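Peer 1: here is my input; please provide its structure:
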Amino acid sequence: MDCLFCKIIAGEIPSSKVYEDEYVFAFNDIAPQTPVHILVVPKEHICCADAIDADNSVYVAKIFEAVPKIAAAAGLKNGYRVITNCGEDACQSVKHLHFHIMGGRKLPENMG
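Peer 2: Model prediction:
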């Protein structure tokens with residue numbers, strides 16, 4: 001499989017890792033749109049939100065268990081946004097399910 005995020009998880013491509021456990025890998029976005037912009041990915045390849053099912057939904061649950069820890073470690077005390085894109089119309093650039101944690105400033109209501 002030629003998946004950028006799978007290669008990052010495997011250590012084949014360097015990243016600035018901020019969190020890792022058995023199910024979840026998180027790293028700083030290389031083109032941040034906010035002062036804090038972290039990508040959180042499941043360690044199992046799931047192409048997008050449309051592919052979440054009973055067999056792999058544990059990864060999504062583990063991601064959302066990790067998100068508050070990641071946000072706190074990043075110093076996001078006044079709130080943050082969690083976003084995922086699914087498919088071409090949503091501009092999903094990497095076909096591996098991922099969630100953006102964005103914050104570090106007051107975010108506009110129409111962003112995301």
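
Peer 1: how far does stretch 35-48 sit from the chain's center?
Peer 2: The chain centre lies 3 Å from the centre of stretch 35-48; the measure is Cα atoms, centre = their mean, to the nearest Å.

Peer 1: give me the buried positions along that stretch.
Peer 2: V36, H37, I38, L39, V40, V41, P42, K43, H45, I46, C48 (16 or more other Cβ atoms under 10 Å). From N, CA and C alone the C-beta is placed, and that goes for glycine too.

Peer 1: mind checking which helix or strand the most centrally placed residue in the chain is in?
Peer 2: For the chain, V40 is the residue whose C-alpha lies nearest the centre (Cα atoms, centre = their mean; 2.4 Å). According to DSSP states H and E, V40 maps onto strand 36-42.

Peer 1: same for that strand, what does it pack against?
Peer 2: helix 4-9, strand 24-28, helix 57-73, strand 99-103 (3 or more Cβ pairs under 8 Å, 6 or more residues apart in numbering; DSSP states H and E).

Peer 1: so which of these is nearest C86?
Peer 2: Among the helices and strands packed on strand 36-42, the nearest to C86 by Cβ to Cβ is strand 99-103 (11.2 Å).
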